[in-house]
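**Q** pasting the sequence and the predicted model now:
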Amino acid sequence: MNTTMPMKVDKSPLFEVLFEIRFEPTTPAAGDLLPGLLYSQMKADYPDVIPLPMANIPRQIRDQNPDLLYQASHRLRGTHHSISVGDRVVSLSSTDYPGWNRFKEMVESVIRGVESTGLFKNVERFSFRYINVIEAPETDRQLPLLNVRIELTGSAPIERGFLLRVERDEGKFTTVIQITPNSKATIPIIGKTVSGLLIDVDTLSVGLGNEFSTNRSFLLEEAHSVVKRTFFSLLSPSTIEKMGPKW
């Protein structure tokens, strides 16, 4: 996938960025202990601790239901960033993306915090998810914003109720792409609701073993490159140009 990517764009469609690690804990009760231990280290940036609905589900039920194993039970919340914590999962979310270099620093800080608790054995998978909304009127066709040709029985599909989900492999990474026209999202920073084409790109790597610990910085950079390259490869040249690219 050879794609020329801008260094940045003036009109970013980025709505939310998430980093997630799923891990094998040293104890089944890790999800009960992690929020307090992480809070003691990170309360300056994440001063609020919020229990989530999962915290009310008995541990016996959580351990027996595979769908609940990687659900967060608590959230440490800052102004525009938050950390969600569960028995086998920790994720970092940003609704005010500070740029890759700063976000990588935040990711590595969270990982070091988790490792220092002694509740972390090894990483099962990690992922970056970038959720974008390209603003467009509902009266306009939005799929032509993409570098994608979609036909149904020889014609372009109507966009009402349209949802496209595909997966693609690149090296050790799998990327899940979801595209939905006429989506709405509210930007918490300014309380503005935007409407347009949703492009959700989630790049993940599974089964790394000890490689994540020994080669973490490189893997984070590589995953970020994949998710960024995938996103821009989905856009038509005219769509990129409207974003004010800096090459």
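**A** Received it, and whenever you're ready, just let me know what you need.

**Q** flag every buried residue along the lowest-mean-pLDDT helix or strand in the chain.
**A** One helix or strand of the chain scores below all others by mean pLDDT, DSSP states H and E: helix 59-64, with a mean of 85. Buried residues in helix 59-64, counted by 16 or more other CB atoms under 10 Å: residue 62. Yep, even glycine has a C-beta here, placed from its N, CA and C like the rest.

**Q** residue 41 touches residue 113, doesn't it?
**A** Yes. Shown here, residue 41 and residue 113 form a contact pair, counting by CB atoms under 8 Å, at 4.9 Å.

**Q** please tell me how far residue 231 sits from residue 5.
**A** The spacing between residue 231 and residue 5, counted by CB to CB, to the nearest Å, is 9 Å.

**Q** between the two, which is the more surrounded one?
**A** Taking neighbours as other CB atoms under 10 Å, residue 231 and residue 5 compare with residue 231 leading, 21 against 15.

**Q** let me know the pLDDT of the more buried one.
**A** Here, the pLDDT recorded for residue 231 equals 97.

**Q** again with residue 5
**A** Note on residue 5: pLDDT of 84.

**Q** just give the nearest non-adjacent residue to it, would you?
**A** Once flanking residues are discounted, residue 5 sits nearest to residue 232: 4.8 Å by CB to CB, 6 or more residues apart in numbering.

**Q** hang on, the one you found in a helix?
**A** Yes. Remark: residue 232 belongs to a helix, assigned using DSSP: H, G, I helix; E, B strand; the rest coil.

**Q** burial measure for it, as a count.
**A** Neighbourhood size, residue 232 [other CB under 10 Å]: 18.

**Q** residue 195 now?
**A** Using other CB under 10 Å, the number of residues around residue 195 comes to 16.

**Q** go on, the one 5 residues further on?
**A** Residues lying near residue 200 (other CB under 10 Å) number 19.

**Q** please report phi then psi for it.
**A** The phi/psi pair for residue 200 (degrees, to the nearest 10) reads phi -110, psi 120.
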